[in-house]
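Asker: Dropping the sequence and predicted coords here.
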Amino acid sequence: MSSRPSPFELTVLGAGPAWSDRPGASGAAYLVRSGRTAVLLDLGQGSFPRLIRAIEPSALDAVLISHLHPDHFIDLVPLRHYLAYQLDPPRSVRVVAPAGLAGRIDALHDRPGFTAETLDCEAWPPGPFSIGDLTVEARRVTHTADSHAMRLGPPDQPGLVYSGDCGVADDLVPLIRAGDTLLVEVSFGNGPVPVGSLHLDAPAIARLVATTRPGRVLLTHLQMGLDREEPVRIVAAAMDGRQVELVEPGDVIDLSGT
Ligand SMILES: [Zn+2]
Ligand SMILES: [Zn+2]
């Protein structure tokens, strides 16, 4: 953990699961900054206030939405309102997301065109693309029919791989390069994952990191009521001393030093 500025940095704005009894456990939201580039990964329930305290939202180069479960996108609604009503003149922000996002938010408000007033939504492209200083690569993972994990990084440096929600750990293998930071959901903690639930547990992540060798693992999205220590120990046992932690909102992590 570090509070000093770094060239490539992750700020955890929300690390929650879909529901929680822990005050402040807001939905998934991770701010990635590299030089002058700022990209937000997901914006789940309750995370907008932390976003606006971390960065002027209209300065985001893009918001990347992993999949269309509300704990990963529903605070796009307050972002849309902020950009439309708080700023004069209104501003727009680019949103890369599964197809259909704008329609879902429009339907929530029963108002066609509601989303597009300030959110420029586009579907995930098929190949790698650049956002400012960062190269972004996404791959489909097993969860909803259109769920994405993603890797972001400056060229030729260790990157950040974010699982989104993911039911099969091996889906992440093509994205992870040795030395990367792996931000991965551990919804079911020590396990096992109930049959039919498309999420991960710590034993699956331990098997994944033993072969892919990320430089560091950041666990997130742990479900309500589960032990918060043992999943870290299970994954750490496969990491040969490399760092493993369960992240919390407010954590600022230097991604350039691994
Ligand atoms: Zn999900
Ligand atoms: Zn989720």
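Answerer: Good, I have the coordinates. Ligands and ions are numbered 1, 2, ... in the order given.

Asker: Can you name the residue of the stretch 151-258 of the chain nearest ligand 2?
Answerer: In the stretch 151-258 of the chain, the residue found nearest to ligand 2 is residue 165; the distance is 4.4 Å by Cβ to the ion. In this view, the C-beta of every residue, glycine as well, is placed from N, C-alpha and C.

Asker: so that residue touches residue 69, yeah?
Answerer: Yes - if you go by Cβ atoms under 8 Å, residue 165 and residue 69 touch, sitting 6.7 Å apart.

Asker: tell me, what's touching those two both at once?
Answerer: Common contacts of residue 165 and residue 69 (Cβ atoms under 8 Å, 6 or more residues apart in numbering): residue 144.

Asker: more neighbours, those two?
Answerer: Taking other Cβ atoms under 10 Å, residue 165 and residue 69 do not tie; residue 165 has more neighbours (26 against 19).

Asker: and the more buried one, that one's in a helix?
Answerer: No - read with DSSP: H, G, I helix; E, B strand; the rest coil, residue 165 is coil and lies in no helix.

Asker: Next one: the closest residue to it other than its chain neighbours, what pLDDT does it get?
Answerer: Take residue 165 and drop its neighbours on the chain: the residue closest to it by Cβ to Cβ, 6 or more residues apart in numbering is residue 143, 4.6 Å away. Looking at residue 143, its pLDDT stands at 98.

Asker: before we move on, what about residue 5?
Answerer: pLDDT at residue 5 comes out at 46.

Asker: what does residue 195 give?
Answerer: For residue 195, the model assigns a pLDDT of 95.

Asker: Tell me the spatial nearest neighbour of the spatially most central residue of the chain, not counting adjacent residues.
Answerer: The centre of the chain sits closest to residue 41, judged by Cα atoms, centre = their mean, with a distance of 4.2 Å. Spatial nearest neighbour of residue 41, excluding adjacent residues (Cβ to Cβ, 6+ apart): residue 30 at 4.3 Å.

Asker: So, low pLDDT: which residues of the stretch 1-150 of the chain?
Answerer: In the predicted model, the stretch 1-150 of the chain carries pLDDT under 70 at residues 1-6.

Asker: Distance-wise, check the closest residue in space to residue 228 that isn't next to it in sequence relative to residue 220.
Answerer: The shortest distance from residue 228 to any non-neighbouring residue, by Cβ to Cβ, 6+ apart, is to residue 246 (5.7 Å). Applying Cβ to Cβ, to the nearest Å, one obtains 7 Å for the distance of residue 246 from residue 220.

Asker: what about these two, which has more around it?
Answerer: Higher neighbour count among residue 246 and residue 220: residue 220, with 23 against 19, using other Cβ under 10 Å.

Asker: neighbours around the closest residue to the more buried one other than its chain neighbours, how many?
Answerer: Nearest in space to residue 220, with sequence neighbours left out and distances taken as Cβ to Cβ, 6+ apart, is residue 15 at 4.5 Å. By other Cβ under 10 Å, 27 other residues sit near residue 15.
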